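Undergrad: Need a 3D model of the sequence below.
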Amino acid sequence: MSIWVLRGLRDGVVTTRWPARPDPYADAWRGPARPLEQPARPLEQGERLTGITDLCPTGAITVTDGTVRVDQGRCILCGRCVAERPGVFAWSGGATGPAALTREQLVIPELPETDATIQAARAELANRTRALRRSVHVRHVDAGSDGSEEWEIQALLGPVYDLHRLGVFITASPRHADVLLVTGAGARGMTGPLRTTYDGMPDPKVVIATGTDAVSGGLLAGGESVTDGVGGTVPVDIWLAGSPPSPFGILNALLIAVGYLTPDGRKRR
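TA: Numbers count the residues shown, from 1 in each chain. From the prediction side, this is the model:
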């Protein structure tokens, strides 16, 4: 016991002040790949586009009318595109990570026709989250995860992130839950239990697809054993990309879910 007391006195307060204050470690976290707005060096059209789509093992890269787009909801952070085409792709970063209110919003650069859909989703979520007040309880369901997201969720309960300081708690019962945090590619054997959990939660409730697997199925997409993400089983409100997303990214998605933050990182109240 004395060792822990001395260690506490030596280290002081280690809990991050984010989101009340910036956190240098959060801003340095690497997120999914993104296309650069301008190449680092002039590229001929043929050089820029040749073989681009073949770089990604999950098909996250597409080219439409000469515009290179990355579906961050499919990105598994393998880094192949950034390593082989550094003049076209780079890593995204920052504390919040890519938390979107619509699935289409994870495609970078965004398609212009999704603007109206995003505004409607934002208004609908805001109406529901007005009813949520501290404390908020979260039910986590593993729907076929590889375990990486679970490590990041577990980190939220430690002294560095301290999820409880924000009035957010993990609960074992869907009857007490306000937020459903789902990880995994959507194993078909978990379709029934996941839906039962969702139906057992009281209204209002918010669903977060946590990680690339939960958003799109990741590397397992197209396989017979998964449903290519959890969106076909439960209605998803917040799509959080990352393989896995950082603890800050998960924390940001939870704060959006309870109405504390907006998707662009501003405080709502």
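Undergrad: quick one: what helix or strand has Val182 in it?
TA: Per DSSP states H and E: Val182 is located in strand 179-183.
Undergrad: ok now that strand, how far from the chain's centre?
TA: Counting by Cα atoms, centre = their mean, to the nearest Å, strand 179-183 is centred 11 Å from the centre of its parent chain.
Undergrad: Equivalent analysis for stretch 186-203, please.
TA: Mean C-alpha position of stretch 186-203 versus that of the full chain (Cα atoms, centre = their mean) differs by 20 Å.
Undergrad: Give me the mean pLDDT for that stretch.
TA: In this model, stretch 186-203 has an average pLDDT of 95.
Undergrad: cool, stretch 161-170 as well?
TA: Here the average pLDDT along stretch 161-170 is 91.
Undergrad: The protein: helices as residue ranges?
TA: 2-11, 24-27, 45-49, 80-84, 115-129, 148-155, 191-199, 212-216, 247-257 (DSSP state H).
Undergrad: rank those helices by pLDDT, which is bottom?
TA: Of all the helices of the chain, helix 45-49 carries the lowest average pLDDT, namely a mean of 56.
Undergrad: which residues make contact with stretch 139-151 from outside it?
TA: Outside stretch 139-151, the residues that touch it by Cβ atoms under 8 Å, 6 or more residues apart in numbering are 153, 170-174, 176-177, 179-187, 189-190, 193-194, 197, 201, 210-211, 213-214, 220, 225-226, 230, 233, 243-245, 250. All C-beta atoms are positioned from the backbone trio N, CA, C, and that covers glycine.
Undergrad: Is there a quick PyMOL command that grabs whichever of these are buried?
TA: Per 16 or more other Cβ atoms under 10 Å, the buried members of those correspond to this PyMOL selection:
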select buried, resi 153+170+171+174+177+179+180+181+182+183+184+185+186+187+190+194+197+201+210+211+213+214+220+226+230+233+243+244+245+250
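Undergrad: Please work out the angle formed by the directions of the strand holding Val182 and helix 247-257.
TA: Angle of strand 179-183 versus helix 247-257, following axes from the mean of the first three to the mean of the last three Cα atoms, to 10 degrees, is 140 degrees.
Undergrad: can you list contacts of strand 179-183?
TA: Contacting residues not belonging to strand 179-183 are listed as 136-143, 145, 149-150, 153, 174, 194, 197-198, 201, 205-211, 213-214, 230, 234, 236, 250, 254, 257-258 [Cβ under 8 Å, 6+ apart].
Undergrad: Contact partners for Ser216?
TA: Contacts for Ser216 (Cβ under 8 Å, 6+ apart) come out as Thr58, Asp71, Gly73, Arg74, Asp228, Gly229.
Undergrad: in the stretch 1-150 of the chain, what spans have low per-residue confidence?
TA: 1-5, 7-11, 38-49, 95-97, 112-119, 121-122, 127-129, 131-134 (pLDDT under 70).
Undergrad: So which residues of it form strands?
TA: Remark: strands assigned in the stretch 1-150 of the chain by DSSP state E, counting those that start in this stretch are 30-35, 61-64, 67-71, 89-93, 99-100, 107-108, 136-142.
Undergrad: Ranking these by mean neighbour count, which comes first?
TA: strand 99-100 (a mean of 26; mean count of other Cβ atoms under 10 Å).
Undergrad: Okay, now the sheet partners of that strand, with direction.
TA: Here strand 99-100 has these sheet partners by DSSP bridges: strand 238-240 (antiparallel).
Undergrad: contacting residues for the residue nearest in space to the middle of the chain?
TA: Geometric centre of the chain, nearest residue: Leu240, 1.9 Å, by Cα atoms, centre = their mean. Applying Cβ under 8 Å, 6+ apart, we find Leu240 in contact with 97-100, 208-211, 214-215, 249-250, 253.
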